[in-house]
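A.B. asks: here are the coordinates; sequence isn't available:
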Ligand SMILES: Cc1ncc(COP(=O)(O)O)c(C=O)c1O
C-alpha cells in the first residue's frame, strides 16, 4: 500500500524513506502465521530462509528478529573486533554503526551524496584517508530508502584499500566478506518496481506518481538499473532484466 505523504523539504527531498510497500498478500501472510501453531520459528521461517537464499544466490540464509540483530550477526560472522576499522555512512540507522562498535571495532563515518543519502566511491576514498594507515577491514554501504549504492564503484575502491585481518583470512568469514565486496548487485525493490513500470511504457513522471517519488529520484533509480545491467537505455534494460530473470 503506497501512501501519499506530504512533500519532504530540504536535503534528501524526494527520497522515498518511510514509504513502504505493504500489499494485501503481505498482510494475509502475517495473518496466516498468527492463526497457525507457530508464532516463532516453524515452517514459514524455513520457507522464508530458503526463498531468500535462492533470491540472493546464497547457499544458506538465517532469519533473525530484526535488522539490528542481522547487522550484529553479519559483523560477528566477519570476525570483526578490536583493532579493526569499519567504514559506515553518516546517514543511516544507528544499528549500522552499533553492530561493529559493539564488537569493539573502530567506526569511521563516511559522507554521503546530499541528494540521495547514499555512500559514493569518492566518499569512501575520503573516509579511508581518515582511517588508521588509510585502510579498513570492512565497508558497510547502506542501500538507503530503497535506493542502491553504486556497488561496482565502491568495490573498486574497497578492493585496493581494505585489508584482510589474519582472523578473516581463513574460513567462512573471509569468504563472506570477499563475496559481499565482489558480488554484482541485484536490483533493489524500488529499482525493480521502476523497471517494471518502464516495461509497461510509463514515463518517469508517471512512474514517480505511481511510486510516490520525485521524478529525479525515478531517473536516478533508472540510471542505477542501467549501470547494473550494463545497458544504456530503456528497451535494452527491460530486455536484459528479462534475460536475467529479474523481470517477469
Ligand atoms: C539502514 C537501516 N539499518 C538497520 C535498521 C535496523 O532495523 P530494525 O529496526 O529492524 O532493527 C534500520 C531501521 O530503520 C535501518 O533503516
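C.D. replies: Done, it's in. In this text the structure is predicted, and so the values were computed from the model without any measurement.
A.B. asks: when you work out contacts or count neighbours from here on, use the C-alpha atoms and nothing else.
C.D. replies: Will do.
A.B. asks: find the nearest non-adjacent residue to the most centrally placed residue in the chain, please.
C.D. replies: With distances taken as Cα atoms, centre = their mean, residue 143 lies nearest the centre of the chain, 3.5 Å away. Spatial nearest neighbour of residue 143, chain neighbours left out: residue 149 (5.6 Å); criterion: Cα to Cα, 6 or more residues apart in numbering.
A.B. asks: is it true that the one you found touches residue 141?
C.D. replies: Yes - between residue 149 and residue 141 there is a contact under Cα atoms under 8 Å: 7.1 Å.
A.B. asks: need the residues touching each of those two.
C.D. replies: Residues within reach of residue 149 and of residue 141 at once, by Cα atoms under 8 Å, 6 or more residues apart in numbering, are 118-119.
A.B. asks: how about the residues of this structure that lie near the ligand?
C.D. replies: 66-68, 92-93, 95-96, 142 (Cα under 6 Å from any ligand atom).
A.B. asks: hmm, 5 Å instead?
C.D. replies: 66-68, 92-93 (Cα under 5 Å from any ligand atom).
A.B. asks: so where's this protein uncertain?
C.D. replies: 1-19, 160, 162-186 (pLDDT under 70).
A.B. asks: let me know the distance separating the residue nearest to residue 143 from residue 43.
C.D. replies: Distance of residue 149 to residue 43, computed by Cα to Cα, to the nearest Å: 34 Å.
A.B. asks: so which of those two has more stuff around it?
C.D. replies: The neighbour comparison of residue 149 against residue 43 (other Cα atoms under 10 Å) goes to residue 149, with 21 against 12.
A.B. asks: look up phi and psi at that one.
C.D. replies: Note on residue 149: its backbone torsions stand at phi -70, psi 160 [degrees, to the nearest 10].
A.B. asks: try residue 48
C.D. replies: phi -60, psi -50.
A.B. asks: do residue 87 as well
C.D. replies: According to degrees, to the nearest 10, residue 87 has phi -90, psi 130.
A.B. asks: hang on, it packs against residue 112?
C.D. replies: No - using Cα under 8 Å, residue 87 makes no contact with residue 112, being 11.9 Å away.
A.B. asks: about what we covered before: the residue nearest to residue 143: what's it in contact with?
C.D. replies: Residue 149 neighbours (Cα under 8 Å, 6+ apart): 118-120, 141-143.
A.B. asks: so which of the residues you listed comes closest to the ligand?
C.D. replies: Distance to the ligand, by Cα to the nearest ligand atom, is smallest for residue 142 among those, at 5.9 Å.
A.B. asks: and that closest one, that's in a strand?
C.D. replies: No - under DSSP: H, G, I helix; E, B strand; the rest coil, residue 142 sits outside any strand and is assigned coil.
A.B. asks: tell me if I'm right that it and residue 120 touch.
C.D. replies: No - using Cα under 8 Å, residue 142 is not in contact with residue 120; the gap is 10.5 Å.
A.B. asks: look at residue 107 and tell me its secondary structure.
C.D. replies: Going by three-state DSSP: residue 107 is strand.
A.B. asks: kindly report the same for the one 5 residues further on.
C.D. replies: When the structure is reduced to helix, strand and coil (three-state DSSP), residue 112 reads as coil.
A.B. asks: if we can go back for a sec, return the member of the residues of the chain next to the ligand nearest to residue 197.
C.D. replies: residue 92 (28.0 Å; Cα to Cα).
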